[in-house]
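how does the following fold in three dimensions:
(chains A and B)
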Amino acid sequence: MTAARVHADRVGWRVGAVPILAEVALTAAPGTTVGLLGPNGSGKSSLLRLLAGLTRPDSGEVLLDDVVLGTLRPRALARRIAMVAQQAATDVDMSALEVVLLGRIPFRPRLAGVSAPDVELARNALAEAGLAGFERRRWSSLSGGERQRVDLARALVQEPDLLLLDEPTNHLDIKHQLELLHFLASSPTTVVVTLHDLDLAAQYCDRLVLLHSGRVVAAGSPAEVLTPDRIAQVYEVRADVDTTPDGRLRISYGRPGDEATAGRWEKAVS
Amino acid sequence: MKAAALLLVLVLSIAVAVTVGVADLSVTDVLRSVGAHLGMPVRPLPPLPDSIVWELRLPRVLLAGLVGAGLAVCGAVLQALTRNPLADPFLLGISSGASTGAVAVLVLGIQIGTGPVDLTTGAFAGSVAAFAAVLLLAGQRATEPTRIVLAGVAVSQLFSAVTSLIVISDAHSQDTRSITFWLLGSLTAASWTTVTLCALVTGAGLLVCWAAATALDAFAFGTDAARSLGFSPGRTRLLLFGVTALVAATLVAASGAIGFVGLTVPHAVRFVVGARHRALLPACAVVGAIFLIWADTAARTAFAPQELPVGVLTALLGVPVFALVMRRRAGTP
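Numbers count the residues shown, from 1 in each chain, chains lettered A, B, ... in the order given. Now for the predicted structure:
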């Protein structure tokens, strides 16, 4: 695994006449972990799809190590970028090992079968995802969190220079969330990950990009991006941001009904 | 090892199925007849049994094998492409188009140039027309599975309606009888010409599908997943829709719409060899061939001298198998 630099140069994307993303700029330096934040519908997943080369931007360009994504052939892209999408498919008739082995497809000749080293790699990736012994389990029999980890193993055997993950923590229990984010943060690969949990994002990401209605509201270090005013403006909740003695951000939210916070919250909403 | 065993079963099935029937023949007779026709130094059979083997039964058994193999593989490919376990080779309007074409030829006696168009040509033209209509209706985004499935359903209904219209408006009783037989699927029309044609088209089609086996694996998680594993989903889908439509159209023209082979065999085989198409597709071909060879043998002998349309038998056998597979699939740990 090496690490790529990915740069979105003022990209815009729309569905029909509806703009989903406008003038979005994002840079992930090689080896860093960048968190994409924003409320539902802010364009996080769409941006991730542009970065993955799954859709072409209507304006602007995405550059992978200074090469425009659109000029790369699908197979060349697949050898460099791996994506862990939000899982929709449940009725896939495959074993966990077969799913992980999908990640080796870009690396073997089109007519060749699965090789023994590929199987070895896939087994190791499953073990790394904490799923040793799950090789023969059917996909349909796995829980949401297990599926998410199998899919992560599939992305890892793709040995990507850029790893993109769309809400990879949403089915995981807290232990596996922490393990996953620790793994991503310490991985030598460049990682762009969408997250809902601001605390976890602040704790594990080198940089954060905050999206709102398809535009970048803030980008920078967690402390620069996650200010109470900005959280109020974008998420419409009142939040306190403290720094713990060991230098971490800790975010606590006010409940919408709270007397003491009501004024500030309403102000933020309006 | 398993592959060799399956192939052996196929070869034995062909040899034994040819011996089954009113005329009493042995496997040795079959081998002698085939050997003599292929120019091998064996003592030829007397003319009458020889023509029963070489002109009647062998083409029919081979055609059954080809149709079974082709339908099963087309079914497996379409199930993967559309991610729909109910997909079968007739998904894209192929069978109803073929019936319309055949019925039009039979009943209306359509002529091109000097002579009447034969049933096979009419059926093939009907299938191709139906597939074209499906692509047209699905429009620019024809490669999206949901759109093409919906278009297939609509076009199938349309062509079935047209078929009924033609039959009701202007059919003689003997025509209706042969139409019914053909609609249910039958291998009675087998000849060396149809065998050769089906072998060429099916063989080429299966090779293309097999070459795309990894792409089919990549489709398991949908279009985005296929793209991010290095494929061009649109192009791959269009190519494989086209190839399976052509194979299915050729087979339906030769034998009518034999149901349940293309639906059931892939599910049953997937259960044993797994979902990877590199192994799945060849296994489907061999199992489909064996299945239809025996189904047709049963169809022509069970109520002899009365012959059953083989489609009736494949449905009778296919439905319980399908139910069993579905049950086991739901219950897998």
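
so where do the strands sit in the stretch 1-150 of chain B?
B:111-112, B:115-116 (DSSP state E, counting those that start in this stretch).

mean pLDDT for those strands: which is lowest?
Out of those, strand B:115-116 stands lowest, with a mean of 56 (criterion: mean pLDDT).

so what touches stretch B:22-38?
Applying CB atoms under 8 Å, 6 or more residues apart in numbering or on different chains, the contact partners of stretch B:22-38 are B:15-16, B:18-19, B:42-45, B:49-50, B:52-54, B:58, B:304-305. All C-beta spots, glycine's among them, are computed from the backbone N, C-alpha and C.

number of nearby residues for the residue in the stretch 151-300 of chain B that chain A sits nearest to?
When distances are taken as CB to the nearest CB, the stretch 151-300 of chain B reaches nearest to chain A at B:Gly230, 3.3 Å away. Using other CB atoms under 10 Å in any protein chain shown, B:Gly230 has 21 neighbouring residues.

how about A:Glu179?
Neighbour tally, A:Glu179, other CB under 10 Å: 15.

contacting residues around the residue of the stretch 151-300 of chain B closest to chain A?
A:74-79, A:105-106, B:218.

just flag the most distant two among those.
Maximum pairwise distance among the contacts of B:Gly230 (CB to CB): 15.7 Å, between A:Ala76 and B:Ala218.

between the two, which is the more surrounded one?
For A:Ala76 versus B:Ala218, neighbours defined as other CB under 10 Å are more numerous around B:Ala218 (26 against 15).

how about the helix or strand containing that one against chain A, any contact?
In this assignment (DSSP states H and E), B:Ala218 forms part of helix B:213-218. Yes. Against chain A, helix B:213-218 shows contacts by CB under 8 Å from any CB of the partner chain at B:214, B:217-218.

out of those residues, which is nearest to B:Leu158?
For those, the nearest to B:Leu158 is B:Ala218 (33.2 Å; CB to CB).

so for the closest one, what's the pLDDT?
B:Ala218 is given a pLDDT of 91.

just for the stretch 1-150 of chain B, where's the confidence low?
The model of the stretch 1-150 of chain B has pLDDT under 70 over residues B:1, B:110-117, B:141-143.

please enumerate the helices of it.
B:2-19, B:27-37, B:47-51, B:58-82, B:94-103, B:119-138, B:145-170 (DSSP state H, counting those that start in this stretch).

what's the answer for chain A, then?
Along chain A, counting by DSSP state H, helices occupy A:44-52, A:74-78, A:96-101, A:116-128, A:144-157, A:174-186, A:198-204, A:222-225, A:228-235, A:259-269.

let me know whether B:Arg270 touches B:Ala279 as I believe.
No. Shown here, B:Arg270 and B:Ala279 do not form a contact pair, counting by CB atoms under 8 Å, at 9.9 Å.

point out the residues in chain B that sit beside chain A.
Checking chain B against chain A by CB under 8 Å from any CB, the hits are B:83, B:85, B:211, B:214, B:217-218, B:220-222, B:224-225, B:227-232, B:270, B:274-276, B:278, B:329, B:332-333.

burial measure for A:Gly133, as a count.
10.

state the pLDDT value of it.
Here the pLDDT value assigned to A:Gly133 is 90.

pop out the phi and psi values for it.
phi 90, psi 0 (degrees, to the nearest 10).

just A:His196 next, same as before
According to degrees, to the nearest 10, A:His196 has phi -100, psi -30.

now A:Thr55
Phi and psi for A:Thr55, reported as degrees, to the nearest 10, are phi -130, psi 150.

next, count neighbours for the closest residue to it other than its chain neighbours.
The shortest distance from A:Thr55 to any non-neighbouring residue, by CB to CB, 6 or more residues apart in numbering or on different chains, is to A:Arg49 (5.0 Å). By other CB under 10 Å, 23 other residues sit near A:Arg49.

can you check B:Leu48 too?
8.

and what of A:Asp206?
15.

for B:Leu12, same thing?
Neighbour number of B:Leu12 under other CB under 10 Å is 12.

how near is the closest residue to chain B within the stretch 101-250 of chain A to A:Val150?
Closest to chain B within the stretch 101-250 of chain A is A:Pro106: 4.2 Å, counting by CB to the nearest CB. Using CB to CB, to the nearest Å, A:Pro106 is found at 18 Å from A:Val150.

ditto for A:Val92
10 Å.

what is the neighbour count of B:Gly185?
29.

got the phi and psi for it?
Dihedral angles (degrees, to the nearest 10) for B:Gly185: phi 90, psi 130.

isn't it right next to B:Pro309, touching?
Yes. Under the criterion of CB under 8 Å, B:Gly185 makes contact with B:Pro309 at 5.9 Å.

anything in contact with each of the two?
B:Gly256.

next, count neighbours for residue 27.
Since you didn't name a chain, this refers to chain A. Applying other CB under 10 Å, I find that A:Thr27 has 15 neighbouring residues.

to clarify, I was referring to chain B.
That count, for B:Val27 with other CB under 10 Å as the rule, works out to 12.

same question, A:Phe183
15.

quick check: chain neighbours aside, which residue is closest to the residue nearest to the spatial centre of chain B?
Nearest residue to the geometric centre of chain B (CA atoms, centre = their mean): B:Leu71, 3.3 Å. Closest residue in space to B:Leu71, ignoring its immediate chain neighbours: B:Gly262 at 4.0 Å, by CB to CB, 6+ apart.

next: A:Gly220.
A:Arg207 (6.5 Å).

so A:Glu128 versus A:Arg154, what's the distance?
In terms of CB to CB, A:Glu128 sits 12 Å off from A:Arg154.

okay, now residue 3: neighbour count?
Since no chain was named, I'll use chain A. A:Ala3 has 20 nearby residues by other CB under 10 Å.

oops, wrong one, chain B.
Neighbours around B:Ala3, by other CB under 10 Å: 12.

list the residues that contact it.
Here B:Ala3 is in contact with B:282-283 (CB under 8 Å, 6+ apart).

below-threshold pLDDT in chain A: ranges please.
A:1, A:88, A:90, A:256-270.

at the contact with chain B, which residues of it appear?
A:49, A:52-54, A:74-79, A:81-83, A:85, A:88-89, A:91-95, A:98-99, A:102-103, A:105-106, A:108, A:110-111, A:113-114, A:137-138, A:140-141.

fine by me, we can end here.
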